[in-house]
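Engineer: What shape does this take:
(one chain, ligands or ions: 2)
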Amino acid sequence: MTLQQARADRIEEELWTLSRFSVEGPGVTRLTYTPEHAAAREVIVAAMQRTGLSVQEDALGNIIGRREGSDPALPAIAFGSHFDSVRNGGMFDGTAGVVCALEAARVLQESGYVNRHPLEVIAIVEEEGTRFSSGMLGGRAIAGLVSDADLDTLVDEDGVTVREAATAFGLEPGELRTAARTRDDLRAFIELHIEQGPILEQEKVEIGVVTGIVGVRAFRITVEGRSDHAGTTPMHLRQDALVPAALMVREINRFVNEIADGTVATVGHLTVTPGGLNQVPGGVEFTLDLRSPHEESIRLLVDRIEAMVAEVAAAAGVEAAVNGFFALSPVGLSPVVVDRVRDAASELGFTHRDITSGAGHDSMFIAQITDVGMVFVPSRAGRSHVPEEWSDFDDLRKGTDVVLHVVTALDR
Ligand SMILES: NC(=O)N[C@@H](Cc1ccccc1)C(=O)O
Ligand SMILES: [Mn+2]
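Structural biologist: Ligands and ions are numbered 1, 2, ... in the order given. Below is the predicted model of the structure:
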């Protein structure tokens with residue numbers, strides 16, 4: 001039995017279809033448990049059913065298309081990615097991995113492949129954390145790492161909890177236990193994803209063999225001063241919260257540039273209250289996203305940032321707090337799967353190189369309960385989380401062929 005090649009035209013058509021399920025505005029904005037999510041879900045479920053997969057949805061809405069194997073006692077080999085997006089993001093981040101997994105399932109069916117292990121296509125929800133400010137929630141549910149309490153503490157900007165939104169969406173979020181997978185029922189997970197960085201394109205390499213994923217730390221930093229009249233309050237009497245906050249942002253940037261070991265820091269969102277032209281800022285809240293392949297660099301950087309924030313706040317006569325709300329150590333992917341990704345790329349004659357992911361992925365959590373590998377395809381100009389995000393459909397086809405080879409190799 002020879003596997004047919006994946007088809008770039010079907011990948012392209014399905015991606016364009018899914019890209020239209022977005023709120024108005026530049027790029028793709030598809031938040032979890034919204035009408036846009038519901039429309040994408042419908043297309044994914046229909047594609048799974050057309051490919052002979054039986055479809056289940058777990059407590060949080062992860063969609064699992066399953067094909068039983070000739071040996072039902074074996075754990076499943078799964079492949080897929082997420083299908084939510086950041087605001088005004090691209091049409092490939094996550095969704096390309098779902099579409100390529102669907103394409104792989106079509107090729108297996110058309111090739112008449114007889115699988116020993118059950119095979120699963122998994123379309124994962126709420127990876128970006130755009131709605132509930134909690135990264136990789138869908139992947140964490142698969143890894144059994146979401147608690148019942150999380151369902152009530154994670155809220156969107158209107159205060160709607162995950163439990164309320166998932167229930168309104170027709171799911172049973174309380175059934176978290178059924179979402180949790182284990183090594184007994186999951187043999188491996190392979191995630192195809194766009195690189196979201198410049199390396200593969202710069203080096204003209206077709207396939208990224210992901211060996212590890214950076215550690216991620218997320219914080220909310222608050223600065224509390226005192227609001228006053230912008231016209232009548234002399235400068236020496238002010239407790240302006242924004243001036244020290246601006247200094248903190250600049251200092252964080254200086255610290256990271258001094259480390260220069262691949263560690264990165266981003267202040268992506270900053271709010272000022274009360275926010276009027278003629279009002280001295282009384283409060284500032286900003287986010288801080290730290291990433292590094294080196295756990296130690298993050299630890300040292302966090303210590304230095306916390307000391308600096310306290311120092312700058314004291315000097316400015318304001319209060320400040322550094323609140324961490326997400327922390328994940330760097331993850332090494334499973335050599336069993338990583339080696340097969342590399343072998344598959346070689347056998348298929350694709351240029352490839354080992355690469356560390358600067359983006360976080362559901363695979364980081366799923367790696368805690370089974371063997372995980374990732375396949376990267378090039379991103380044009382390394383851009384992602386922007387409407388300009390682009391990957392070539394034939395590169396996605398090549399990535400899909402790699403996924404197919406890894407799945408069938410693991411299935412032997
Ligand atoms: N693939 C991708 O973009 N993943 C997200 C995962 C994430 C979400 C929220 C916070 C931190 C990280 C990223 O920004 O890396
Ligand atoms: Mn993303």
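
Engineer: burial of whatever residue of the chain ends up closest to ligand 1, as a residue count?
Structural biologist: Nearest residue of the chain to ligand 1 (Cβ to the nearest ligand atom) works out as Gly135 at 2.8 Å. Heads up, the C-betas are built off the backbone N, CA and C, glycines and all. For Gly135, the number of neighbouring residues by other Cβ atoms under 10 Å comes to 23.

Engineer: I'd guessed it sits against Leu154; true?
Structural biologist: No - with contact defined as Cβ atoms under 8 Å, Gly135 does not reach Leu154; the gap is 11.0 Å.

Engineer: Report the next helix or strand after the worst-scoring helix or strand of the chain on mean pLDDT in sequence order.
Structural biologist: The helix or strand with the lowest mean pLDDT-type score in the chain, counting by mean pLDDT, DSSP states H and E, is helix 176-179 (a mean of 92). Moving toward the C-terminus from helix 176-179, the next helix or strand (DSSP states H and E) is strand 186-194.

Engineer: how close does Arg397 get to Met91?
Structural biologist: For Arg397, the distance to Met91 equals 16 Å [Cβ to Cβ, to the nearest Å].

Engineer: same thing with Gly139?
Structural biologist: Using Cβ to Cβ, one gets 21 Å for the distance from Gly139 to Met91.

Engineer: For the residue of the chain closest to ligand 1, give me its contacts.
Structural biologist: By Cβ atoms under 8 Å, 6 or more residues apart in numbering, the contact list for Gly135 reads 127-129, 216, 218, 326, 360.

Engineer: Find the helix or strand that it is a member of.
Structural biologist: Assessed by DSSP H and E, Gly135 sits outside every helix and strand.

Engineer: Quick check: buried residues in stretch 63-70?
Structural biologist: Taking 16 or more other Cβ atoms under 10 Å as the basis for neighbour counts, the residues of stretch 63-70 that come out buried are 63-67, 69.

Engineer: so what's Val372 bridging to?
Structural biologist: Phe189 (DSSP bridges).

Engineer: what sits against it?
Structural biologist: By Cβ under 8 Å, 6+ apart, the contact set of Val372 is 188-191, 333-334, 337, 363, 366.

Engineer: sorry, back to before: on the pLDDT front, check the residue of the chain closest to ligand 1 for me.
Structural biologist: Per-residue pLDDT puts Gly135 at 92.

Engineer: of all the residues in the stretch 301-412 of the chain, which ones are close to ligand 1?
Structural biologist: Near ligand 1, the residues belonging to the stretch 301-412 of the chain are 359-361 when assessed by Cβ under 6 Å from any ligand atom.

Engineer: switch to 5 Å and redo it
Structural biologist: Applying Cβ under 5 Å from any ligand atom, one finds that the stretch 301-412 of the chain approaches ligand 1 through 359-360.

Engineer: Over to the chain?
Structural biologist: Proximity of the chain to ligand 1 (Cβ under 5 Å from any ligand atom) is limited to residues 129, 135, 216, 359-360.

Engineer: re earlier: counting only strands, which of the contacts of Gly135 make the cut?
Structural biologist: 216, 218, 326 (DSSP state E).

Engineer: quick one: which of those residues is nearest to Val264?
Structural biologist: Minimum distance to Val264 across these is 10.4 Å, recorded for Val216 (Cβ to Cβ).

Engineer: Burial check on that closest one, number of neighbours?
Structural biologist: Neighbouring residues of Val216 were enumerated by other Cβ under 10 Å; the total is 22.

Engineer: Check what pLDDT it gets.
Structural biologist: According to the prediction, Val216 has pLDDT 96.

Engineer: which residues in the chain form strands?
Structural biologist: Along the chain, counting by DSSP E, strands occupy 54-57, 63-67, 76-82, 119-124, 186-194, 207-213, 215-224, 264-266, 270-273, 283-292, 319-328, 331-332, 352-357, 371-377.

Engineer: Out of those strands, the one nearest Phe255 is which?
Structural biologist: For these, distance to Phe255 was read as Cβ to Cβ. The smallest value, 7.7 Å, belongs to strand 264-266.

Engineer: Buried residues, that closest one. List them.
Structural biologist: Ala265.

Engineer: Residues contacting that strand, please?
Structural biologist: Here strand 264-266 makes contact (Cβ under 8 Å, 6+ apart) with 252-253, 255-256, 288-292, 301, 358.

Engineer: which of these count as buried?
Structural biologist: Using 16+ other Cβ under 10 Å, the buried members of the contacts of strand 264-266 are 252, 255-256, 288-292, 301, 358.

Engineer: quick one on the thing from earlier: looking at Gly139 and Met91, which is more packed in?
Structural biologist: Using other Cβ under 10 Å as the criterion, Gly139 and Met91 rank with Gly139 on top: 29 against 22.

Engineer: pLDDT score assigned to that one?
Structural biologist: Looking at Gly139, its pLDDT stands at 98.

Engineer: now do Met1
Structural biologist: In the prediction, the pLDDT value recorded for Met1 is 73.

Engineer: Equivalent analysis for Glu388, please.
Structural biologist: Here, the pLDDT recorded for Glu388 equals 98.

Engineer: is it true that it touches Gly90?
Structural biologist: Yes - here Glu388 lies in contact with Gly90, judged by Cβ under 8 Å, at a distance of 7.2 Å.

Engineer: Distance from the chain centre to stretch 396-405, please.
Structural biologist: Counting by Cα atoms, centre = their mean, to the nearest Å, stretch 396-405 is centred 20 Å from the centre of its parent chain.

Engineer: Quick one: residues in contact with it.
Structural biologist: Surrounding stretch 396-405, the residues in contact under the criterion Cβ under 8 Å, 6+ apart are 3, 5-8, 11, 15, 79, 96, 99-101, 103-104, 107-108, 190, 192, 206-207, 340-341, 343-345, 347-348, 350, 375-377.

Engineer: Just the ones of those residues in helices?
Structural biologist: Helix and strand membership here follows DSSP state H; of the contacts of stretch 396-405, those in helices are 8, 11, 15, 96, 99-101, 103-104, 107-108, 340-341, 343-345, 347.

Engineer: could you list every residue that touches Asp392?
Structural biologist: 377-378, 380.

Engineer: Can you select the buried ones from the contacts of Gly135 in PyMOL?
Structural biologist: Selecting only the buried entries of the contacts of Gly135 in PyMOL, with 16+ other Cβ under 10 Å as the criterion:
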select buried, resi 127+128+129+216+218+326+360
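
Engineer: now the contacts of Gly135 in JSON lines, with distance to Val45?
Structural biologist: Rendered in JSON lines, the data for those read as follows (distance: Cβ to Cβ, whole Å):
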{"residue": "Glu127", "distance to Val45": "18"}
{"residue": "Glu128", "distance to Val45": "21"}
{"residue": "Gly129", "distance to Val45": "24"}
{"residue": "Val216", "distance to Val45": "31"}
{"residue": "Ala218", "distance to Val45": "32"}
{"residue": "Phe326", "distance to Val45": "30"}
{"residue": "Gly360", "distance to Val45": "26"}
